[in-house]
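Student: fold the following and give me the result.
(one chain, ligands or ions: 1)
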Amino acid sequence: MSLKVVVLCCLLATGFSDDEVNNKAFPGDFLFGTATASYQVEGAWNEDGKGENIWDHLTHTQPDLVDGKANGDIACDSYHKYKEDVALLKDLGANHYRFSLSWSRILPNGTPDKLNVAGVNYYKNLIQELKNNDIIPLVTIYHWDLPQVLQEQGGWTDDFIVEAFADYARVCFELFGDDVKYWLTFNEPKQTCLQGYGDGSMAPAIKESGVMDYKCTHNVIRSHAKAWHIYDQEFRSTQNGRISITIDTNWFEPDDDSAENEAAAETKRQFTFGWYANAIFNGDYPEVMRTRIANRSAAEGLSESRLPKFTDEELSYILGTHDYLGLNVYTSSIIKAIPEPEIGTPSYYSDIGVGEYVPDDWPGSASSWLKVTPWGMRKLLNWVKTTYNDPEIFITENGVSEDGSSLEDEIRINYYRDYLSNVRDAMDDGVKVIGYTAWSLMDNFEWMRGYTEKFGLYYVDFESQNRTRVPKSSVEFFKKVIATRCLVDTCEEA
Ligand code: GOI
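Tutor: A predicted model of the protein is given here:
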């Protein structure tokens, strides 16, 4: 079958038959790469002096919370196999590799009083290996694996964490900054705060929605700003890198074009993305959040809003702490207006006060939350451009899951092609997208879903001692995209 025929039947099968794949080449300096995160791939959870983190703790003390009672004790064993990982990246022709640093591998006590030299050397070696292969490191300082000792002192909901994170970030810049030109402070802080301290569906599994999730976010934003300023003042002039934050969101499509549904969708976007982006890009929490949470808090009889307030000094300290914007995007959902939720137990979702659903006929994946909605990518990118003053956007994650039953991952080829086509469309619209990062380089520990949902370009055999990596069909596809900068047989030049 020719590629064109393959493309045609895939388009029909996914229900996007009238959507043509963009035939313009990506610019020569556009960065294509893949991503992983420390706890999801490294393993070696207690080797060479690494300290315990909240995911070690959760998977060991409450194994029932994770599918198959799985954990990241060994995961992909990347701690020992990083050279193989870089060889896979080289084979793909990746321009960059996004990985995260394990805080407790570098600082076993969470604080700089003790540096774990073996852990530091692991990252130095990984970065050197990437450098030797002309692959740009894109480094996430925090991808959810807080040192357990810091959680025991209150974690992200306690103010001490801001200093602790800043100290840790400074250590990272000092140790690795000569060779790292792209930094991210946080990966998806919404998951840290909402799932970690709100609905409790992720470590540290605390359930205080509408209170602790806001407090967590407040400290995350302060921590981000502090790390950005430390970089700006102490390292930028000698290291010349760029630093930002990665925020994740669905595209929220209104149920119809009525004013009330449009407004509901915008409220949802502000509560989801604006919660993190607005203070950094525009100043303060979004107006709609401040108003709604203050009103509901008053109706609950509280003397002040459950949404913490930044001081004026903090507001100006936080505003502008970005050199670009990291964006993770996977899927979409539909939003509609609903009557004001009753006043009762505080909840982030009641504070938003909109209805959300996913139509049955949207194509799915192995993850119940992830429907294949490539058109949402273009709409989201355009919304981010207009709402946040046209930032340079680095797509730091995008990808899809299957169940691992076949190496012929047609679903992933279609997903990447159609989402990338919409990225390229958005670039035609004038959105400044500077890079695209496929999640993930290889199958890995998918948090509460254990090893059941596979996001990798490479299959990993978790039964084998070697954690053998095997390319799926999508590797050939992605390789060709990177080499040709083109999604179809022949592209128009950019
Ligand atoms: C990234 O997060 C992340 O950075 C990577 O580390 C990760 O491996 C990668 O994505 C792949 O996942 C239907 C309340 C079922 C509780 C709908 C609300 C379950 C649970 C919608 C809302 C959603 C990507 C879990 C972003 C968290 C998975 C965010 C994707 C579970 C749902 C829910 C739902 C809900 N999300 N995450 N969930």
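Student: just to be sure, residue 465 is in a helix?
Tutor: No - counting by DSSP: H, G, I helix; E, B strand; the rest coil, residue 465 is not found in a helix; it is coil.
Student: and it, what's its pLDDT?
Tutor: Looking at residue 465, its pLDDT is 97.
Student: what comes up buried for stretch 206-221?
Tutor: Buried residues in stretch 206-221, counted by 16 or more other CB atoms under 10 Å: 206, 208-221. (Glycine included, C-beta is placed from N, CA and C.)
Student: for the protein, name the helix or strand with the lowest mean pLDDT.
Tutor: Here the helix or strand of the chain ranked lowest by mean pLDDT, DSSP states H and E is helix 3-14, holding a mean of 42.
Student: just the buried residues of stretch 206-221 now: which is nearest the ligand?
Tutor: residue 209 (9.6 Å; CB to the nearest ligand atom).
Student: I'd like the average pLDDT over the very next helix or strand once past the least confident helix or strand of the chain.
Tutor: Using DSSP states H and E, the next helix or strand after helix 3-14 towards the C-terminus is strand 31-35. Strand 31-35 comes out with an average pLDDT of 99.
Student: specify which member of the buried residues of stretch 206-221 is nearest to residue 473.
Tutor: Closest approach between the buried residues of stretch 206-221 and residue 473, by CB to CB: residue 220, at 38.3 Å.
Student: now the closest residue to the closest one other than its chain neighbours: how far from residue 281?
Tutor: With sequence-adjacent residues excluded and distances taken as CB to CB, 6 or more residues apart in numbering, residue 220 is closest to residue 189, at 4.4 Å. Distance of residue 189 to residue 281, given as CB to CB, to the nearest Å: 14 Å.
Student: higher neighbour count, these two?
Tutor: Counted by other CB atoms under 10 Å, residue 189 and residue 281 do not tie: residue 189 has more neighbours, with 26 against 20.
Student: got the residues of the stretch 1-150 of the chain near the ligand?
Tutor: With CB under 6 Å from any ligand atom as the criterion, the stretch 1-150 of the chain meets the ligand at residues 37, 40.
Student: show me the helices in the stretch 1-150 of the chain, by range?
Tutor: Using DSSP state H, counting those that start in this stretch, the helices of the stretch 1-150 of the chain run over residues 3-14, 38-41, 54-61, 78-92, 103-106, 117-132, 148-152.
Student: what's the fifth one in contact with?
Tutor: Going back to what we said before, that points to helix 103-106. 38, 42, 50-53, 110, 115-116, 119-120, 122-123, 142, 145-148, 168, 171-172, 175 (CB atoms under 8 Å, 6 or more residues apart in numbering).
Student: and residue 387, its phi and psi?
Tutor: Here is the backbone geometry of residue 387 (degrees, to the nearest 10): phi -80, psi -30.
Student: that one: neighbour count?
Tutor: Neighbour number of residue 387 under other CB under 10 Å is 19.
Student: next: the one 5 residues further on.
Tutor: Here the count is done by other CB under 10 Å, and residue 392 has 15 residues near it.
Student: same deal with the one 4 residues further on?
Tutor: If you count neighbours by other CB under 10 Å, residue 396 ends up with 29.
Student: now it, nearest residue through space, not along the chain?
Tutor: residue 326 (4.2 Å).
Student: and residue 32, by the same measure?
Tutor: Residue 32's closest residue in space is residue 482 (CB to CB, 6+ apart), at 4.5 Å.
Student: which elements pack onto the helix or strand encompassing that neighbour?
Tutor: If you go by DSSP H and E, residue 482 is part of helix 473-484. For helix 473-484, the elements it packs on are strand 31-35, helix 78-92, helix 410-428, judged by 3 or more CB pairs under 8 Å, 6 or more residues apart in numbering; DSSP states H and E.
Student: what sits closest to residue 73 if chain neighbours are left out?
Tutor: Closest to residue 73 by CB to CB, 6+ apart is residue 45, at 4.8 Å.
Student: what parts of the stretch 351-494 of the chain come near the ligand?
Tutor: Counting by CB under 6 Å from any ligand atom, the stretch 351-494 of the chain sits next to the ligand at 368-369, 397, 439, 446, 455.
Student: can you tell me which of the residues you listed are in strands?
Tutor: Judged by DSSP state E, the subset of these located in strands is 397, 439.
Student: if we can go back for a sec, which residues sit in contact with the residue nearest to residue 220?
Tutor: For residue 189, counting by CB under 8 Å, 6+ apart, the contacting residues are 216-217, 220-221, 224, 245, 247, 276.
Student: low-confidence regions, the stretch 351-494 of the chain specifically.
Tutor: Counting by pLDDT under 70, the stretch 351-494 of the chain contains low-confidence residues at 494.
Student: before we move on, back to that, out of the helices of the stretch 1-150 of the chain, nearest to residue 185?
Tutor: Across the helices of the stretch 1-150 of the chain, closest to residue 185 is helix 103-106 (CB to CB), at 12.2 Å.
Student: can I get the closest one in CSV, CA atoms only?
Tutor: Written as CSV, here are the backbone C-alpha positions of helix 103-106 (Å, rounded to 0.1, in the frame of the first residue of the first chain):
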residue,chain,number,x,y,z
TRP,A,103,15.2,15.8,43.4
SER,A,104,15.9,13.0,46.0
ARG,A,105,18.5,11.4,43.7
ILE,A,106,20.5,14.7,43.8
